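predicted model and sequence below, questions to follow.
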Amino acid sequence: MDRKNHTPPKLAEKLLRQFLKPDFLEDVLGDLEENFYFVLRNRSSSVAWFTYWYQTFNYLRPFALKKSKSKTINQFTMLRHHVKVSWRTLLRQKVFSSIEIGGFAVGIAACILIALYIGHQVNYDRHYEHKDQIFRVVNQWSERGEVGYWSNVHGPLKEVLEDNIPEMEQVARIVLWSWGDAGENHLRKIESKYNRYEEGFFYADPELLNILEIPMVYGMQEHALSDPNSMVISRRKADQYFPNENPVGRRIVLNDNPETIYTIGGVMENFPATSHLQGDFILTLYGRKDGPGTSGWCCTNYNMYVKLVAQANRIAVEQKTVELRNSFVIERLREDGQSGLDDIQKYQSYYLQPVENIHLNPEEVGDDLSHGSVDLVWIFGFIAVIILLLACINFVNLATSKSLKRAKEVGLRKVVGSSQTSLIYQYLSESCVYSLLAILLGVFLAWSALPFFNQLAGASLSIPWLSVWFIPLLLISALLIGVLSGIYPAFYLSRFRPIEALKGQADGGARNSLLRSGMVVFQFTATVILIIGALVTHQQFQFLMNKSLGYEKDQVINILGINTMEGSMREALKEELLKLSMVESASLSDYLPVEGSFVQNRSFWIADRRQLDNGFEAARWAVDEDYITTMKMKISQGRNFISGSADDSSIIINESMVRELGLEEPVGTRIVDMFDLEYHIVGVVKDFYFESLYQNVRPLAMVLGKGRTTLSVKINSPDIQATMASIGEVWEKFNTHQAIRYSFMDQRFEKMYEGLQQAKTIFLLFAMLSILVACLGLFALSIYMVEQRGKEISVRKVLGASMGRIFKLLTFDFVKLVLIAIVLAVPVAWYFMDYFLSDMVNRIELSWQVFAFGGVVAIVIAVGTISFESIKAAIINPAKKLRSE
C-alpha cells in the first residue's frame with residue numbers, strides 16, 4: 001500500500017494536539033499512526049480512516065485533557081452519554097421506536113421527493129449568467145380589469161425594436177411550429193438514401209445563440225447561423241450522425257426536398273433539462289423571405305427574445321415599446337389594412353416576460369411551449385408540509401403516550417440529582433437521534449422510489465449526493481426537526497414530580513389526553529382532505545376522458561411522415577389503403593383535433609362588412625373531402641365538401657363561428673379573411689373539441705385542401721396487429737427508404753391530459769402516504785391505550801362483558817375523533833377542490849357522495865388500524881392481567 005497517497009486524517013491529529021496534554025500527545029499520535037497503517041495494509045483506506053477517528057474520540061477522556069479544555073470535553077462527554085442512552089432506549093422499545101422512526105422516514109422521503117420536484121420546477125432558466133437581462137416580448141391586452149397575454153408577434157417588429165430602443169442590446173425571433181420545417185422532419189445526410197425521423201426543429205435568428213448563452217462545441221456563436229440555409233445541431237445529434245468528427249460544413253436534406261438542403265454551421269451543447277426551450281436543430285431565419293409574414297405586418301408567426309443592456313429598467317423599456325407602437329407600429333398596421341386599430345391602441349401593449357418566468361408561466365402567456373404549473377408547485381409544497389407535520393405529530397403523540405413507562409425513569413433521575421434542564425437535553429438528544437435515523441432511512445427510501453417518481457412526474461430528478469450543501473442540509477434538518485418535534489415531549493416529561501412519578505401517578509391526565517386527541521384529529525383531517533382530493537381529480541380525469549368530443553377518436557390511425565412523398569404518391573397511397581377491407585375511410589390533412597398537429601389562425605369578416613366591423617380570430621384548417629366522414633363529425637346545416645375545383649372557394653364553419661358572425665342562416669353567406677380571400681359558406685359542422693377540454697370551443701373554418709404530412713385512416717377491425725401489418729405492406733410499396741411511422745389518435749388525445757393524470761396519481765400517492773403515517777401513529781396509540789386500560793378490560797371480562805362490547809369500548813373514542821376530523825375536513829376540501837376545478841370549462845359538479853365516501857374510507861382505515869390490538873385485548877385471558885392484583 002502506497003503511504004504517500006494514504007495518510008492519517010489531519011483534522012483528527014489537529015483535534016488531539018488542541019485538547020490532549022503534552023505528556024500523552026506524542027505516544028498517542030504514534031500509536032494511532034502505527035495502527036492506521038496496520039489497518040490500511042490489511043483492510044482498506046476507508047476502514048483505516050474510520051478506525052483512526054474512532055480511536056481519536058476514545059482518547060478524549062478527562063484524565064488526558066488540558067485543564068482549559070476539560071469543560072468543553074465534559075459537555076461533549078455528556079452529549080455522548082445522551083446519545084448512548086437514546087440508543088439504548090430505542091433498542092429497549094423496538095415497536096414504538098420502529099413506528100416513530102418509520103413514520104418520520106416516510107414523511108421525510110415524501111418531502112425529499114417533493115422538494116426535488118419543486119426545486120426542478122423553480123430552477124428553470126436560472127443557469128444564464130445574464131438572466132436578469134433576458135426577456136421574451138409578449139403582447140398584453142388590458143380591458144375592463146382583465147389582462148391577457150400571448151406570445152406571437154409580428155416579424156418586422158425585430159428591426160423596429162433594434163433601431164429605436166437603444167436599451168435592447170440584441171433581439172431574436174424564433175418559430176417553433178407550423179411554418180416551414182419547424183417542428184418535426186425526416187432527415188438524411190446528403191450522401192445517404194435513408195430518412196430518419198427527428199423532432200425538435202425550430203427557426204431562429206443568429207442572435208438567439210448569444211441571447212440564450214448557448215455554448216458551442218464546434219463553430220462560433222457569431223457565425224453558426226449567419227448564412228442562408230445554415231443550421232446548428234446539438235451535441236447528441238452530432239454524436240449520432242457524425243460520430244468522432246467535426247460536422248461543420250456537412251449538409252443535411254430534410255424530407256427528401258432538394259430545396260431544403262441545410263449546411264451545418266455549428267454544434268451546440270444540449271439544452272439543459274431546466275431550459276424552457278428544447279430542441280436539437282436550429283434552422284436560421286437569416287435570408288428567408290418566402291414565408292408568410294416574414295417581411296410584412298399581416299401575421300404574427302414569431303416569438304421574440306431580447307437582451308437588455310446592463311442596468312436597463314424593464315418598466316421604462318416597456319413604456320418605450322408602447323410609445324413606439326403608437327407612433328410607428330399602428331401606422332404600419334393601418335397601411336397593411338388591419339382593422340380594429342382603435343382597440344389595439346387603447347388596450348394592447350407589449351410586456352417583457354423575464355426568462356425565468358417562462359416555464360412556470362405565472363402570467364399565463366398563451367404560447368406553443370410545454371409549461372409547469374405554479375398551482376401544482378404550491379399544492380405539492382403544501383402536501384409536503386402536511387406529511388412532515390403528520391410525522392412530527394406522530395412523534396409527539398407517541399412520546400407523550402409513553403409517559404407512564406418513562407415516569408419512573410424520570411423520578412429516579414430526579415432523585416439522584418438530575419435537573420429539569422439536563423432531562424430536557426436528554427429527551428431533545430433522543431428526539432434528534434430518532435430524527436437523524438429517520439432522515440437517513442428517508443433518504444434511502446427516496447432514492448429507492450426516485451425511478452418510479454420520475455416516471456410518474458415525467459421528470460429526470462436525481463438526489464444531489466455530491467453537492468456541497470446536501471449533507472450539511474440533512475444534518476441541519478435532522479437537528480431542526482428533532483428539536484421542533486421533541487421540544488414539547490422534553491418539557492412535558494421533565495416536569496414530572498419525583499414522588500408522583502415513582503408512584504406511577506405522573507400521567508398528564510385530561511390535558512395530555514386532549515392534546516393527543518387534537519393531534520389525531522389534525523392527522524385525519526389532513527388525510528381526509530387528501531383522500532377527497534384524489535377522488536375528485538380521478539373523477540375529473542374520467543369525466544374528460546369519456547366526454548363526447550363531437551368526433552370519434554377511437555380506431556383512427558395517423559400515418560405520419562408522408563411529406564417525403566410527392567403529392568400524387570400521397571393520393572395513390574390513400575387510394576391503395578382504401579382497398580383494404582379493414583379500412584373504412586381515409587383523409588389527407590395535417591390538421592387534427594389533438595396536440596402536436598398544425599395550427600393556423602386568421603381573422604374573418606362578413607364580406608361586405610370588413611370596413612365596418614372588427615374582425616375576429618378563428619382557426620383555419622385545410623382538409624380534404626373525406627375528413628369530416630373519417631372523423632365522424634356531424635353536419636348540422638348545408639353539406640360536406642365535394643371533390644373538384646367547384647369547391648375551391650367553399651368553406652365549412654363550426655357553430656361557434658356562426659354565433660361569432662351573428663348569422664341565423666349561414667349557408668350561402670360570403671366571408672373574407674385577412675388576406676382578402678373570399679369564401680362562401682357551404683356547410684356548418686357541429687362544435688367539436690379541437691383544442692383543450694379546459695376551454696370553450698372557439699370559431700373554426702375549414703377549407704378544401706390536401707395535407708402533406710399526415711394520412712388519417714379509420715379502421716373497422718378489432719385486430720390491430722393484423723391491420724397494421726396490412727397497412728405496412730402497402731407502405732412498403734410506396735416508400736422503401738423510410739420506415740412507416742404512425743400513432744393512434746386516442747392515445748394522442750390522452751397525452752394532452754398527462755398533467756391531470758399525473759396530478760391524480762400524485763394526489764393518490766401522497767394520500768396513501770399520509771394514511772400510512774396516520775395509521776402508524778394510530779396503531780401505536782392503540783397499543784398504549786390497551787396497555788393503559790388492560791386491567792379495566794380484564795375486570796369487565798370477568799364481570800361478563802362480551803368481546804363485541806370490549807371492542808366497541810376500545811374503538812369508540814378513536815372513531816369519534818375521526819368523525820370530528822371528517823366534519824372539519826369536508827368544508828376545507830370542498831373549498832380547495834372547487835378552486836382547483838374553477839378554471840375548467842368542462843368540469844364535474846362536486847357531489848356529497850364523494851365527501852361521504854372519503855369519510856367512510858377514513859373510518860374504515862381507522863377501525864382497521866386499531867382492530868388488531870382491540871381484538872387481541874378482547875380475547876386475552878383476564879387472569880394474566882389481574883395476576884399482580
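Looks like it arrived, so ask away.

got phi/psi on the nearest residue to Ile875 once chain neighbours are set aside?
For Ile875, ignoring the flanking residues on the chain, the nearest one in space by Cβ to Cβ, 6 or more residues apart in numbering is Met803 at 6.5 Å. Bear in mind the C-beta positions are built from the backbone N, C-alpha and C, glycine included. Dihedral pair for Met803: phi -60, psi -40, per degrees, to the nearest 10.

now swap in the one 10 residues further on and tell me
Asp813 adopts backbone torsions of phi -60, psi -40, taken as degrees, to the nearest 10.

by mean pLDDT, point me to the weakest helix or strand of the chain.
Least confident helix or strand, the chain: helix 498-502 with a mean of 58, by mean pLDDT, DSSP states H and E.

which is the succeeding secondary structure element to that one?
With elements assigned by DSSP states H and E, the helix or strand that comes after helix 498-502 is helix 509-546.

what's the spacing between that next one and its chain's center?
23 Å (Cα atoms, centre = their mean, to the nearest Å).

average pLDDT for it, rounded please.
Helix 509-546 comes out with an average pLDDT of 80.

show me what that helix is packed against.
Contact here means 3 or more Cβ pairs under 8 Å, 6 or more residues apart in numbering; DSSP states H and E; on that basis helix 509-546 packs against helix 374-401, helix 754-788, helix 803-837, helix 848-875.

show me what counts as buried in the second one.
By 16 or more other Cβ atoms under 10 Å, the buried positions in helix 754-788 come out as 756-767, 769-786.

do the same with the first one
Of the residues in helix 374-401, those buried under the neighbour-count criterion (16+ other Cβ under 10 Å) are 374, 376-377, 379-380, 383-384, 386-401.

got it, and the last one?
By neighbour count, and taking 16+ other Cβ under 10 Å as the criterion, the buried residues in helix 848-875 are 850-851, 854-855, 857-859, 861-863, 865-866, 869-870, 873-874.

that helix versus helix 509-546: what angle between them?
140 degrees (axes from the mean of the first three to the mean of the last three Cα atoms, to 10 degrees).

repeat for the third one
Orientation note: helix 803-837 sits at an angle of 50 degrees relative to helix 509-546 (the same axes, to 10 degrees).

how distant is helix 803-837 from the center of its chain?
So, by Cα atoms, centre = their mean, the centroid of helix 803-837 is 31 Å from its chain's centroid.

tell me how far the ends of stretch 704-713 are from each other?
By Cα to Cα, to the nearest Å, the extent of stretch 704-713 from end to end equals 18 Å.

just the mean pLDDT for that stretch, thanks.
Mean predicted confidence for stretch 704-713 is 89.

same thing with stretch 308-323?
Stretch 308-323 comes out at a mean pLDDT of 90.

and stretch 628-646, what's buried?
Neighbour-count burial for stretch 628-646, counted by 16+ other Cβ under 10 Å, picks out Ile628, Thr629, Thr630, Met631, Lys632, Met633, Gln637, Gly638, Asn640, Phe641.

what does stretch 526-544 give?
Neighbour count says stretch 526-544 has 526-541, 544 buried, by 16+ other Cβ under 10 Å.

do the same with stretch 92-107
In stretch 92-107, counting by 16+ other Cβ under 10 Å, buried: Gln93, Phe96, Ser97, Ile99, Glu100, Ile101, Gly102, Gly103, Phe104, Ala105, Val106, Gly107.

quick one: the helices in the stretch 101-250 of the chain?
157-164, 208-211, 235-241 (DSSP state H, counting those that start in this stretch).

for His6, which of those is the nearest?
His6 lies closest to helix 235-241 among those, at 38.2 Å (Cβ to Cβ).

tell me the first helix or strand C-terminal of the closest one.
Toward the C-terminal end, the helix or strand that comes next after helix 235-241 (DSSP H and E) is strand 251-254.

now do that next one: distance to the chain's middle.
36 Å.

against which helices or strands is that strand packed?
So strand 251-254, by 3+ Cβ pairs under 8 Å, 6+ apart, packs with strand 183-189, strand 261-268.

so where's the stretch 201-350 of the chain uncertain?
289-295, 336-340 (pLDDT under 70).

all strands for it, in order.
Ranges of strands in the stretch 201-350 of the chain, per DSSP state E, counting those that start in this stretch, are 216-218, 230-234, 251-254, 261-268, 281-284, 303-308, 348-354.

mind checking how far stretch 673-690 is from the chain centre?
The answer for stretch 673-690 is 38 Å, by Cα atoms, centre = their mean.

nope, stretch 534-551 is what I was after
Distance of stretch 534-551 from its chain centroid, counting by Cα atoms, centre = their mean, is 21 Å.

quick one: contacts of that stretch?
593, 631-634, 686-689, 693, 697, 749-750, 753, 756-757, 759-760, 763-764, 767, 833, 836-837, 840, 842-844, 846, 850, 853-854 (Cβ atoms under 8 Å, 6 or more residues apart in numbering).

touching stretch 606-624 from outside, list them.
When contacts are defined by Cβ under 8 Å, 6+ apart, stretch 606-624 is touched by residues 339-340, 343, 587-591, 599-605, 641, 643, 653, 657, 660-661, 663, 669-674, 678, 690, 698-707.

give the buried subset of these as a PyMOL selection command.
Selection of buried members from the contacts of stretch 606-624 for PyMOL, criterion 16+ other Cβ under 10 Å:
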select buried, resi 339+587+588+589+590+591+599+600+602+603+604+605+641+653+657+660+661+663+669+671+672+673+674+690+698+699+700+701+702+703+704+705+706+707
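
among the contacts of stretch 606-624, which are in helices?
Residues of these located in helices (DSSP state H): Asp343, Met657, Glu660, Leu661.

what's the spacing between the nearest residue to Ile822 once chain neighbours are set aside and Trp848?
Nearest non-adjacent residue to Ile822, counting by Cβ to Cβ, 6+ apart: Gly855, 4.1 Å away. Distance from Gly855 to Trp848, counting by Cβ to Cβ, to the nearest Å: 10 Å.
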